[in-house]
Each structure stands twice: as C-alpha cells, then as structure tokens.
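Q: Here you go, sequence then predicted model.
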Amino acid sequence: MSRIRSSVCALSCILVTGAVGQASADAIADFYTGKTISMIVASGPGGGYDLYARTLSRHYPRNIPGNPNVVIQYAPGGGGIVAANNVYGLARRDGTGMGMLASSTFLLAAVGDANTKFENLKFTFIGNMNEEVDTCSVWHTTGIKSAEDIKSREVIIGTAGPGSNSQTFPLAMNSALGMKFKAIPGYQGGAQIRTTAMERGELQGTCGIFVSTLNAQFPQQLAEGKLKVVLQMGLSRHPAYKDVPNALEMANDQKGRAALELLFAQLALGRPVLGPPDIPADRAAALQKAFDVTMNDPQFRAEAEKTRVELRWFDAARMKDVMERMEAAPIAVKEDVRKLLNVK
C-alpha cells in the first residue's frame with residue numbers, strides 16, 4: 001500500500017512540476033506577446049555593433065516566448081559610455097530593455113572611471129556574440145610596413161573619443177610600447193567613417209577596429225593592400241592574422257605585460273548583450289535561453305556567414321566570469337591601466 005501511495009505522490013509531483021513549468025512559460029509568453037524590446041547600440045548606424053545588433057534582431061524574437069519585436073536605438077558618444085549609462089540607468093527593467101554595449105566601457109568601470117555610472121556585475125547578462133581581437137591599421141600611402149615603424153615616426157589616427165578602444169588602445173600603445181600615435185577625436189559613428197577619412201588623406205591610420213569588423217566591412221581594401229593591419233591587441237593572436245604581432249608580445253617587462261593583459265581582457269566581451277539590473281528572474285532566464293538558441297539557429301548562422309558576422313559566442317555564465325575576473329584584478333595593475341588610459 002505504501003508503495004502505491006509513493007507512486008501516486010511521485011506522479012502528482014511530476015504533474016505539479018510540469019504544470020508550474022508550463023504556467024511559467026505561459027506567463028513569459030503572455031508578457032512578451034505584443035511587446036517591443038528596445039536594444040540600445042553603443043554606436044551609430046553602419047558600424048560593427050550595428051551589424052551584429054541588426055543581425056541578432058532579425059532572429060532573436062522568434063526564440064523568445066511571445067515573439068516580441070526588437071527595435072534598435074543608437075546611442076553613440078563617450079566611446080560607448082553614453083549607451084552603457086543609458087542601459088543601466090534608463091532602460092526599462094521589466095525585460096523589454098537591453099543593449100549591445102562597447103566592451104571598453106566595462107574596463108573603464110572596473111578601474112574606476114568617474115564617467116561610468118554603472119556597476120559591471122549588476123547588469124543582467126544575456127550573452128556575448130563574439131570574442132574579439134582589436135587592431136591598428138594604416139593606409140597604404142603612409143609607407144609604414146610594420147608596428148616597429150610607428151616607434152620612429154608619428155602616425156595620425158582618428159578616434160571615436162575618450163573611452164573608446166579607438167582612443168584608449170593607441171594611447172596605451174604609446175605609453176607601454178613607445179609608439180607615436182597622434183590621436184584626433186571626433187570620428188564617431190563606426191569604423192567606416194575613419195576608413196573614409198584615410199581614403200581622403202585626412203588620416204593615416206586607425207586603431208580600435210575589431211577583426212570581425214575588418215573582415216565584414218573592408219574585405220576589398222584588405223585584399224587590395226590599401227588597408228594594412230600592423231598590430232593586433234588581444235590575449236592571443238587571431239587566427240586570421242597569425243603573422244601580425246600582438247602587443248602583448250612587444251611588452252618590455254612583466255609589469256607592462258600585466259597591465260596590457262587587463263586592458264585586453266575586455267575584448268573577450270566583444271559583442272555583449274546585456275540588460276539593466278533587476279530584470280525579473282524568469283524573464284532574464286527566458287532571454288538568456290533564447291539568446292543561446294539563436295546562436296545555434298540554422299537561419300541565423302546562415303545569415304551570419306553570408307554577411308561575414310564572426311560568431312565566437314558564449315553564454316551569460318561566462319560573461320559573468322569574465323566580468324568578475326576583470327573586477328578582481330590587483331589594485332596595482334588597475335592603477336597601471338588607469339595611467340595607460342589617462343583615467344582621472
């Protein structure tokens with residue numbers, strides 16, 4: 001008799017658990033049906049972040065219960081800080097607000113930049129579309145053949161302003177490696193603007209363009225040798241540029257290398273999708289699951305391949321791990337990075 005009761009209880013528990021799970025799924029679908037998710041992008045139209053965000057927005061909704069719309073809102077400025085501050089402080093916290101943010105802003109927050117009005121570990125992590133490697137490139141008319149040449153002659157580069165990789169990385173290379181980049185701010189809105197300025201002879205080079213952006217947006221200029229990658233920045237060399245030196249390899253001592261390693265750690269979060277703090281746990285879980293499903297979706301991957309959108313993606317759990325490691329860096333190393341970035 002006791003066995004019968006146990007079996008009945010077990011069956012009841014399964015039925016109740018299933019009912020609760022279905023009710024939860026139905027609640028998520030009910031919430032998102034007819035809703036619109038606003039995705040804030042840390043650049044203007046036409047850049048790499050825009051390409052990733054638009055590609056995601058066309059496929060992500062069908063994997064979210066209730067199939068909400070996803071609309072993109074551009075928030076360039078401050079090298080990505082404006083967008084990050086907006087997602088953290090202004091985006092709706094009900095699961096209908098999120099952003100694709102610039103990884104450089106997380107490093108600035110980790111080392112205490114006063115312009116960052118957010119705490120990295122309080123974001124709602126959804127997923128990262130690509131682990132990146134950054135680059136410095138020059139236009140073919142400069143005559144520069146290698147990164148070593150930039151130690152002996154000045155190179156005028158355009159940047160998206162303070163806080164952006166396009167400015168912080170070359171300034172760090174000046175300090176740590178003895179490069180002679182002359183940074184001219186004001187080139188916001190994506191890598192295309194800086195490349196066009198090089199074609200006009202207005203600039204000689206640029207940093208802060210991810211490998212994925214180079215390969216997606218400038219294949220012809222690269223193939224013709226008009227745009228030449230002379231330096232890459234990341235925790236390792238990118239497979240597509242195995243013959244181009246990595247800045248870590250050029251560091252003169254362990255102290256400088258440790259600072260560059262922290263500086264480059266942000267690049268793991270190359271195309272991060274995050275929400276503001278305090279999104280209800282069930283909706284956050286649904287958004288995270290939908291992201292993972294989308295990354296493996298055949299239709300999504302087919303479009304990504306066609307448009308040269310590189311996908312070295314990982315999930316919310318690893319995003320949190322990367323953030324925690326960045327936050328836990330030794331104070332002395334953070335101080336060195338503050339100096340490299342000229343953070344006050």
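A: Everything's here; your move. Numbering: from 1, shown residues only.

Q: And for L90, the neighbour number?
A: Residues lying near L90 (other C-beta atoms under 10 Å) number 12. Just so you know, the C-beta spots here come from the backbone N, C-alpha and C atoms, and that holds for glycine as well.

Q: now swap in K182 and tell me
A: K182 - counted by other C-beta under 10 Å - has 13 other residues nearby.

Q: same check, this time on A332
A: Per other C-beta under 10 Å, the neighbour tally for A332 reads 11.

Q: Repeat that for Y60.
A: 27.

Q: Does it touch F291 like I think?
A: Yes - Y60 is within contact range of F291, at 7.0 Å (criterion: C-beta atoms under 8 Å).

Q: which stretches of the chain have low pLDDT?
A: 1-24 (pLDDT under 70).

Q: What segments of it are strands?
A: For the chain, the strands defined by DSSP state E occupy 36-41, 69-74, 97-100, 124-128, 134-139, 155-158, 181-184, 205-207, 227-233, 272-275, 314-315.

Q: Turn the ones you listed into CSV, including distance to Q167.
A: Formatted as CSV, those follow (distance: least, C-beta to C-beta, whole Å):
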stretch, distance to Q167
strand 36-41, 19
strand 69-74, 19
strand 97-100, 20
strand 124-128, 23
strand 134-139, 12
strand 155-158, 9
strand 181-184, 5
strand 205-207, 8
strand 227-233, 13
strand 272-275, 20
strand 314-315, 27
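
Q: Quick check: which of these is nearest to A281?
A: strand 124-128 (9.5 Å; C-beta to C-beta).

Q: Partner strands of the closest one and their direction?
A: Strand 124-128 has the following sheet partners, assigned by DSSP bridges: strand 272-275 (antiparallel), strand 314-315 (antiparallel).

Q: Would you mind saying which of those strands lies nearest E131?
A: Taking the strands paired with strand 124-128 one by one with C-beta to C-beta, strand 314-315 is closest: 7.0 Å.

Q: so what's the closest residue to F169 other than its chain neighbours up against?
A: Nearest residue to F169, sequence neighbours excluded (C-beta to C-beta, 6 or more residues apart in numbering): C207, at 4.9 Å. When contacts are counted by C-beta atoms under 8 Å, 6 or more residues apart in numbering, C207 touches 134-137, 157, 159, 165-166, 169-170, 173, 181, 231, 233.

Q: quick one on the thing from earlier: out of the strands of the chain, which is closest to A265?
A: Nearest of these (C-beta to C-beta): strand 227-233, 11.2 Å.

Q: angle of that closest one against strand 134-139?
A: Per axes from the mean of the first three to the mean of the last three C-alpha atoms, to 10 degrees, the angle that strand 227-233 makes with strand 134-139 is 150 degrees.

Q: on contacts alone, who are the packing partners of strand 227-233?
A: The elements that strand 227-233 packs onto, with contact taken as 3 or more C-beta pairs under 8 Å, 6 or more residues apart in numbering; DSSP states H and E, are strand 134-139, helix 165-177, helix 211-217, helix 254-265.

Q: and with 10 Å instead?
A: In terms of contacts (3 or more C-beta pairs under 10 Å, 6 or more residues apart in numbering; DSSP states H and E), strand 227-233 is packed against strand 134-139, helix 165-177, helix 191-199, strand 205-207, helix 211-217, helix 219-223, helix 254-265.

Q: other SSEs contacting the third one?
A: Applying 3+ C-beta pairs under 10 Å, 6+ apart, one finds that helix 191-199 contacts helix 48-57, strand 134-139, strand 155-158, strand 205-207, helix 211-217, helix 219-223, strand 227-233.

Q: hey, what's in contact with both of Y60 and F291?
A: 98, 126-127, 273 (C-beta atoms under 10 Å, 6 or more residues apart in numbering).

Q: Out of those residues, give me the two with the largest separation.
A: M98 and G127 (10.5 Å).

Q: nearest residue to M198 other than its sequence neighbours?
A: W139 (4.3 Å).

Q: count of neighbours near the one you found?
A: For W139, using other C-beta under 10 Å, the count is 21.

Q: ditto for the one 3 residues further on
A: Under the neighbour criterion other C-beta under 10 Å, T142 is assigned a count of 18.

Q: Contacts only, for it.
A: Here T142 is in contact with 149-150, 153, 155-156, 198, 203-205, 228, 230 (C-beta under 10 Å, 6+ apart).

Q: ok, so what distance separates it from K242?
A: To K242, T142 is 23 Å away according to C-beta to C-beta, to the nearest Å.

Q: try L203
A: For L203, the distance to K242 equals 27 Å [C-beta to C-beta].

Q: between those two, which one's more packed in?
A: Each of L203 and K242 has its neighbours counted (other C-beta under 10 Å); L203 has more, 24 against 8.
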